[in-house]
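In: sequence below, structure please.
(chains A and B)
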Amino acid sequence: MNVRIKFRKYGCLKFIGHLDVMRYFQKAMRRAELPVCYSEGYSPHMIMSFASPLGVGLTSDGEYLDVRMENPPASQEALSRLNAVMAEGIEVLSFKALPEKSGNAMASVAAADYEVRFRPGYGPKDGWQERFRTFMEKTSIPVIKEGKKGPRELDIRPMVYGWQVLGEVICLQVSAGSAGNLKPELLLQAFADSEGVELPPHALLVHRKELYMDQGEEGTRSLIPLEALGEEIGRA
Amino acid sequence: MRKLALSDEILLSIDKPARYIGGEVNAVMKDPGEVDIRFAMCFPDVYEIGMSHLGIQILYDMFNQRDDIWCERVYSPWTDLDKVMREQKIPLFALESQDPVKDFDFLGITIQYEMCYTNILQILDLAQIPLEASRRTKEHPLVIGGGPCAYNPEPLAEFFDLFYIGEGETRYFELMDLYKEWKASGAPREAFLRRAASVPGIYVPSLYAVSYQEDGTVAAMEPVCEEAPEKVQKQVVTDMTTASYPEKPVVPFIKATQDRVVLEIQRGCIRGCRFCQAGTIYRPTRERDLEMLKKSAYAMLKNTGHEEISLSSLSSSDYSQLGGLVNFLIDEFGSRGINISLPSLRIDAFSLDVMSKVQDVRKSSLTFAPEAGSQRLRDVINKGLTEEMILEGAGQAFQGGWNRVKLYFMLGLPTETEEDMKGIAHLAEKIAEEYYEIPKDQRNGKCQIVVSTSFFVPKPFTPFQWAQMCTKEEFLHRAYVVNHEIKDQLNRKSIKYNWHEADVTVLEGVLARGDRKVAQVIRRAYEKGCLFDSWSECFHNELWEDAFRECGVDMDFYTVRPRAVDEVFPWDFIDIGVSRCFLEREWEKAQKGVVTENCRQSCSGCGAAVFGGGVCFERKN
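Out: Residues are numbered from 1 along each chain as shown, chains lettered A, B, ... in the order given. Predicted structure coming up:
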């Protein structure tokens, strides 16, 4: 059975990169003594896949991984066993059985919610909120993206599905996953360019809120959180 | 939430910020207001190396079992962070609390290899602690050193308040109790140092005066007060089974060099190789009980979640219950996706059988450490490994499907001749021939033999402590002879040869047998920017050479100079149990090429029986 695990990454753990988070969960599964399935061969590894790598420096309330397990315990028990062996900075939020034949987490990702703040001392001049609204009114926001085949122009405006400015916080819903992944930093960089201000590295505090899959038919978008697909495992 | 010593901006601008944030699984957190002693335990190298060291894990666990002590970890900031900390005057901090080390009661530094000496100065400097012990006041932590290099602490003497000679499990609590008493008394720092000097195994360098002969060798080393003993006795654990061993080692977020559970099966080695310092300073050989190891293995795997377990010892094949232990590990954990790693095994039918069960034969290589190319020279160094044993082991391995072999040798060993050097090439060739004797349809392509040579460095407390070292040019010449001879072999295409760098070896030689006069050079080199000298990309030999010249210290005095049998050595004030007269005997036998039997074959009366335990008493119970 495939199990989808949702977790949150906060505090100091934002300095731990994606590969290390993968290693961390492999060890955590063994500490919690969960019945994870292994691949065959001389160096068997856990059958486990993550939805979307989170960059170093970012925090998140909506990270996902899928794990194959033989007779997993009830969701509540699995949660308490996992959280008992976590380091401060990662908390497991849900543990749900996936239906047969559901796509893996990584292939499913279609969109993400982010909250973006300017790190104190790094923001544009006062009143930027109003100017950001004007900026987002545009129908196209072309940026130069460094790709494998050299720099290319890309319109990122259509990749922003929704946005809102609440005080000092910019809330964004953007395209994510293999079909087109927009990092919020790229949008904010474009805004800073339009303001004519330098946006030094680490000027942004980026927090991922949720990852979504798209269940819409041709042409229409219908986003549901990745965890919505799974079902709570009850006591046997 | 924990607050970090470094800002986000700094952490996001340096390599591997996870090195500096602490908070790992099993890291110990305490309330600083609830403890009497704050102990910062430091491995003076980068996090991934330091976190792989078993000794610190043992002491970290041991100290933290006491409610009145909080032991935290400190590692060397890499050069990128080093620069930032200097520019912004950020004091070095401990990982757990993120508090400045300068506010701690103790800074303990493990000294595992000579090439970390400049890193020790970096630690003190970044911690904002005066480099010289003499300039420290009651405001500063007491700086205590330990580990193998503490067996010749003299080149570092002026930088340390105390050294701990021996195994930390034995006397630390006594020292801590003494410290608490002193702290409460309000007496001057000097008073504590004097009291500490009377604790067995504790060496307080400021309480000894060294005088020199005209030729620059040591004349005498004398205590300057009553509390300081003339000889400092090495402290050892007598019962390894009841000694403290961590069940919950810290699990790093980033991949450490040793990313696995380490099970120390025994301490010491029965073999008596004459170049090997670990072989003498850790005598007598003491085993841990099989049942205790089984319990530890369970607990440590459960508490860490590591996917691999490795045995640790100087020579695992000599552990008397190895079969029982290995079979237990395979049966118990092999099916649960846990890798079992078995380093330092002698290659024979037993080990090949075991290894074929725990690793992919096609992908792994086998390691032999003949150390010398000829039987004559192997007898000189007392390496009880014959060509016959090597060829037979290799032959069996090839039959078993292995086709990769690593061979380790040393160049520059005492009495080495050109024939001995060429013997390295010849041995590699014979191993290759052994492989190609297998019918073509039964073997697995070509074989690959990797020959590596390091250069020999004489170490204190070994029978070779009197030996002359080669010059850099001579070392390189010897590597050239080996390289040339390998190129002349029939199967040269199956043999690859690597050799170590020579200039760093010469420096290691100076520091290993150095005296107090070398301290100024280490300091000068550090001031010139030498740091992470064990990392070849960071090693600047020319800066070290300048430092020696400017200080007027002659490297040759410590390396190539012949030493008389009765010379007083800077480290003679330490009593490791193994007697100087045994070492002298071994030095003589070495020059005659006479071997000495290992501790289980017969007792050679080295002196280690004085500790009252281990292999010395195996048959007497």
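In: could you list the domains of chain B?
Out: Domains of chain B are assigned by automatic domain parsing as B:8-233, B:362-500.
In: just give me the neighbour total for whichever residue of chain A sits closest to chain B.
Out: With Cβ to the nearest Cβ, the shortest gap between chain A and chain B falls at residue A:27, namely 3.2 Å. All C-beta atoms are positioned from the backbone trio N, CA, C, and that covers glycine. When counting by other Cβ atoms under 10 Å in any protein chain shown, one arrives at 18 neighbours for residue A:27.
In: distance check, it against residue B:25.
Out: Distance, residue A:27 to residue B:25, by Cβ to Cβ, to the nearest Å: 8 Å.
In: could you do residue B:455 as well?
Out: Counting by Cβ to Cβ, the gap from residue B:455 to residue B:25 is 40 Å.
In: contact residues of the stretch 151-300 of chain B facing chain A?
Out: Residues of the stretch 151-300 of chain B that fall close to chain A, judged by Cβ under 8 Å from any Cβ of the partner chain: B:251, B:253-255.
In: buried only: go through those for me.
Out: With burial judged by 16 or more other Cβ atoms under 10 Å in any protein chain shown, the buried subset of these is B:251, B:253-254.
In: would you mind giving those as TSV with pLDDT, secondary structure and distance to residue B:475 added?
Out: Shown next, in TSV, are these (pLDDT from 0 to 100; DSSP: H, G, I helix; E, B strand; the rest coil; distance: Cβ to Cβ, whole Å):
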residue	pLDDT	secondary structure	distance to residue B:475
B:251	98	strand	41
B:253	97	coil	40
B:254	97	coil	36
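In: helix or strand with the lowest mean pLDDT in the chain?
Out: Using chain A here. Here the helix or strand of chain A ranked lowest by mean pLDDT, DSSP states H and E is strand A:142-147, holding a mean of 86.
In: can you look at chain B instead?
Out: Scanning chain B with mean pLDDT, DSSP H and E, the lowest is helix B:349-358, at a mean of 84.
In: for chain A, what's its nearest residue on the stretch 151-300 of chain B.
Out: Closest point on the stretch 151-300 of chain B to chain A, by Cβ to the nearest Cβ, is residue B:253, at 4.8 Å.
In: spell out which parts of the stretch 301-450 of chain B neighbour chain A.
Out: Going by Cβ under 8 Å from any Cβ, the residues of the stretch 301-450 of chain B near chain A are B:301-307, B:337, B:339, B:359-360, B:363.
In: redo that, cut-off 6 Å
Out: B:305, B:337, B:360 (Cβ under 6 Å from any Cβ of the partner chain).
In: give me the ChimeraX select line for those residues, limited to the buried ones.
Out: What follows is the ChimeraX syntax for the buried subset of these, where burial is set by 16+ other Cβ under 10 Å:
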select /B:305,337
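In: give me the nearest residue to residue B:426, chain neighbours excluded.
Out: residue B:373 (7.0 Å; Cβ to Cβ, 6 or more residues apart in numbering or on different chains).
In: without its sequence neighbours, what residue ends up closest to the residue of the stretch 251-400 of chain B found nearest chain A?
Out: At 3.2 Å from chain A, residue B:305 is the closest residue in the stretch 251-400 of chain B, using Cβ to the nearest Cβ. Among residues not flanking residue B:305 along the chain, residue A:27 sits closest, at 3.2 Å (Cβ to Cβ, 6+ apart).
In: mind telling me what element that neighbour is part of?
Out: helix A:18-31 (DSSP states H and E).
In: for that helix, buried residues please.
Out: For helix A:18-31, using 16+ other Cβ under 10 Å, the buried residues are A:20-21, A:23-31.
In: I'd like the next helix or strand past that helix.
Out: strand A:48-50.
In: which strands and helices sit next to that following strand?
Out: On a contact count with 3 or more Cβ pairs under 6 Å, 6 or more residues apart in numbering or on different chains; DSSP states H and E, strand A:48-50 meets strand A:59-68.
In: let's go with 8 Å and repeat that
Out: Packing partners of strand A:48-50 (3 or more Cβ pairs under 8 Å, 6 or more residues apart in numbering or on different chains; DSSP states H and E): helix A:18-31, strand A:59-68, helix A:105-108.
In: now tabulate those in JSON lines and tack on mean pLDDT.
Out: Output for the helices and strands packed on strand A:48-50, formatted as JSON lines (pLDDT from 0 to 100):
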{"stretch": "helix A:18-31", "mean pLDDT": "97"}
{"stretch": "strand A:59-68", "mean pLDDT": "97"}
{"stretch": "helix A:105-108", "mean pLDDT": "90"}
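In: what is the rounded mean pLDDT of stretch B:155-162?
Out: For stretch B:155-162, mean pLDDT rounds to 98.
In: how far does it sit from the chain's center?
Out: The chain centre lies 19 Å from the centre of stretch B:155-162; the measure is Cα atoms, centre = their mean, to the nearest Å.
In: show me what that stretch is in contact with.
Out: Residues from elsewhere that reach stretch B:155-162 (Cβ atoms under 8 Å, 6 or more residues apart in numbering or on different chains): B:109, B:111, B:117, B:120-121, B:124, B:131-134, B:136, B:142-145, B:149, B:153, B:193, B:196, B:202-206, B:511, B:514-516, B:518-519, B:522.
In: next one: stretch A:67-81
Out: By Cβ under 8 Å, 6+ apart, stretch A:67-81 touches A:1-3, A:5, A:29, A:32-37, A:46-48, A:92, A:94-97, A:232-236.
In: whichever of the residues you listed end up buried, select them in PyMOL.
Out: Restricted to buried positions by 16+ other Cβ under 10 Å, the PyMOL selection for these reads:
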select buried, chain A and resi 2+3+5+29+32+34+36+46+48+92+94+95+96+97+233
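In: buried members of the contacts of stretch B:155-162 into ChimeraX, please.
Out: Of these, the buried ones go into a single ChimeraX selection, burial set by 16+ other Cβ under 10 Å:
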select /B:109,111,117,120,121,124,131,133,136,142,143,144,145,149,153,193,196,202,203,204,205,206,511,514,515,516,518,519,522
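In: which of the contacts of stretch B:155-162 fall in helices?
Out: B:117, B:120-121, B:124, B:193, B:196, B:511, B:519, B:522 (DSSP state H).
In: out of those, flag the one nearest to residue B:463.
Out: residue B:511 (20.1 Å; Cβ to Cβ).
In: how close does the closest one sit to residue B:616?
Out: Taking Cβ to Cβ, one finds residue B:511 at 32 Å from residue B:616.
In: go on, residue B:227?
Out: From residue B:227 over to residue B:616 (counting by Cβ to Cβ), the distance is 31 Å.
In: re the thing from before, lowest-confidence stretch among the domains of chain B?
Out: Note on these: lowest mean pLDDT is at domain B:362-500, with a mean of 94.
In: and the residue nearest to residue B:383 when sequence neighbours are not counted, what does it touch?
Out: Residue nearest to residue B:383 in three dimensions, not counting chain neighbours: residue B:371, with 4.9 Å by Cβ to Cβ, 6+ apart. Counting by Cβ under 8 Å, 6+ apart, residue B:371 touches B:273, B:275, B:378, B:381, B:383, B:385, B:408-410, B:413.
In: and residue B:569, helix, strand or coil?
Out: coil (DSSP: H, G, I helix; E, B strand; the rest coil).
In: tally up the residues packed near it, please.
Out: Residue B:569, neighbours per other Cβ under 10 Å, totals 20.
In: residue B:465 is in contact with that one, correct?
Out: Yes: counting by Cβ atoms under 8 Å, residue B:465 is a contact partner of residue B:569 at 6.7 Å.
In: which neighbours do those two share?
Out: With Cβ under 8 Å, 6+ apart as the test, residue B:569 and residue B:465 both reach residue B:513.
In: got the residue ranges for the helices in chain A?
Out: A:18-31, A:75-84, A:105-108, A:128-137, A:184-195.
In: between those, which one is closest to residue B:46.
Out: Nearest of the helices of chain A (Cβ to Cβ): helix A:18-31, 15.9 Å.
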